[in-house]
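Asker: need a 3D model of the sequence below.
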Amino acid sequence: MTATAVRVGRGEPARTAPWPLAFALLGAAARIAAGVLWLNEGILKYRAGFGSADILLVAQSAAGNSRVPFFFRPLGALMQAAPGLFGIAIPALEAGLGVLLVLGLGRVLTVIVALGSIATLMLYWSSDQLIAQYPAMVLLSALVLALPLSGRVGIAWWWERRRARTPRAE
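Answerer: Numbering: from 1, shown residues only. Purely as a prediction, here's the structure:
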């Protein structure tokens, strides 16, 4: 990880500014926390036997709910048409988001996953499915987006450092 050099004064050597590392670590902590919460959601659904009956319950409750916005209706209809698929896909999506956020696979992929996290949570909210940790998960995902080095401290960083130390045979 590169740090920013700061000139202290005339004739004095440049010092490394600590804020890039601090922001990267704060972002990595937010990323990992959001990932753990997503993993918890996905694993909880797998262990509870989440499936088509749960999807139908959500779709039917959203269909008759005045708090659910108009744009959710096509997805609700799709959920009613293929509840088995959604019963498998939703826990897999949640567990996948969790794994990708915990690993930290670089800046670009981390931004994409954090956006997917927020989009998924907004979809849950729009279907009037709100639990206590969803607002915290949105804030953590937004923090990951706000701190661009959030995905740098993770597997991608470890892999980059490992490759830099290993001599290449040519």
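
Asker: how close does residue 115 sit to residue 74?
Answerer: 21 Å (Cβ to Cβ, to the nearest Å). To be clear about C-beta, it is placed using only N, CA and C from the backbone, and glycine gets the same treatment.

Asker: quick one, which of these two is more surrounded?
Answerer: Legend: neighbour count by other Cβ atoms under 10 Å for residue 115 and residue 74, higher for residue 115 (14 against 9).

Asker: alpha carbons of stretch 157-165, in PDB - could you do that?
Answerer: Below are the C-alpha coordinates for stretch 157-165, written out as PDB (Å, rounded to 0.1, in the frame of the first residue of the first chain):
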ATOM      1  CA  TRP A 157      -3.600  -6.900  -0.800                       C
ATOM      2  CA  TRP A 158      -2.200 -10.100   0.600                       C
ATOM      3  CA  TRP A 159      -1.900 -11.700  -2.900                       C
ATOM      4  CA  GLU A 160      -0.200  -8.600  -4.300                       C
ATOM      5  CA  ARG A 161       2.400  -8.600  -1.400                       C
ATOM      6  CA  ARG A 162       2.900 -12.300  -1.800                       C
ATOM      7  CA  ARG A 163       3.600 -12.000  -5.500                       C
ATOM      8  CA  ALA A 164       6.000  -9.100  -5.000                       C
ATOM      9  CA  ARG A 165       8.100 -11.200  -2.600                       C
END
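
Asker: what's the offset of it from the middle of its chain?
Answerer: Relative to the centre of its chain, stretch 157-165 is centred 24 Å away, using Cα atoms, centre = their mean, to the nearest Å.

Asker: let me know the average pLDDT across that stretch.
Answerer: When the per-residue pLDDT values of stretch 157-165 are averaged, the result is 77.
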